[in-house]
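> Give me the fold of what follows.
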Amino acid sequence: MGLGNLTNFAVSVVLAAALMGNLDRLQLWVIKAQAKLLYESRASAWGNPSLFNGK
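Here you go, the predicted model:
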């Protein structure tokens, strides 16, 4: 799937949500997904760096 197809899909989802009056729910879903991504990418979840030192 190319970037153009992905962009078209995203625009279609946003337009469909806006037409159905659920744009606020879509925005909340996106905010929750961003928060989950930030939580999962925190440095404490990366593991122990001494694993790669060979000690």
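
> only C-alpha atoms for contact and neighbour calcs from this point on.
Will do.

> Okay, now the unreliable bits of the chain?
Within the chain, the stretches with pLDDT under 70 are 1, 45-55.

> Now do the helices in it.
With DSSP state H as the criterion, the chain has helices at 3-20, 23-40.

> how much does the last one deviate in direction from helix 3-20?
This means helix 23-40. Counting by axes from the mean of the first three to the mean of the last three C-alpha atoms, to 10 degrees, helix 23-40 lies at 130 degrees to helix 3-20.

> tell me which residues in helix 23-40 are buried?
Leu23 (16 or more other C-alpha atoms under 10 Å).

> what's in contact with it?
Val14, Ala17 (C-alpha atoms under 8 Å, 6 or more residues apart in numbering).

> one more time with 6 Å, if that's ok
Ala17 (C-alpha atoms under 6 Å, 6 or more residues apart in numbering).

> Export that helix to CSV, keeping only CA atoms.
What follows is helix 23-40, C-alpha atoms only, in CSV (Å, rounded to 0.1, in the frame of the first residue of the first chain):
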residue,chain,number,x,y,z
LEU,A,23,-15.7,13.4,14.3
ASP,A,24,-15.3,14.0,18.0
ARG,A,25,-15.2,10.3,18.7
LEU,A,26,-12.7,9.7,15.9
GLN,A,27,-10.5,12.5,17.4
LEU,A,28,-10.7,10.9,20.9
TRP,A,29,-9.7,7.5,19.4
VAL,A,30,-6.7,9.1,17.7
ILE,A,31,-5.7,10.9,20.9
LYS,A,32,-5.9,7.6,22.8
ALA,A,33,-3.8,5.8,20.2
GLN,A,34,-1.2,8.5,20.4
ALA,A,35,-1.1,8.3,24.2
LYS,A,36,-0.7,4.5,24.0
LEU,A,37,2.2,4.9,21.5
LEU,A,38,4.0,7.4,23.7
TYR,A,39,3.5,5.1,26.7
GLU,A,40,4.9,2.1,24.9
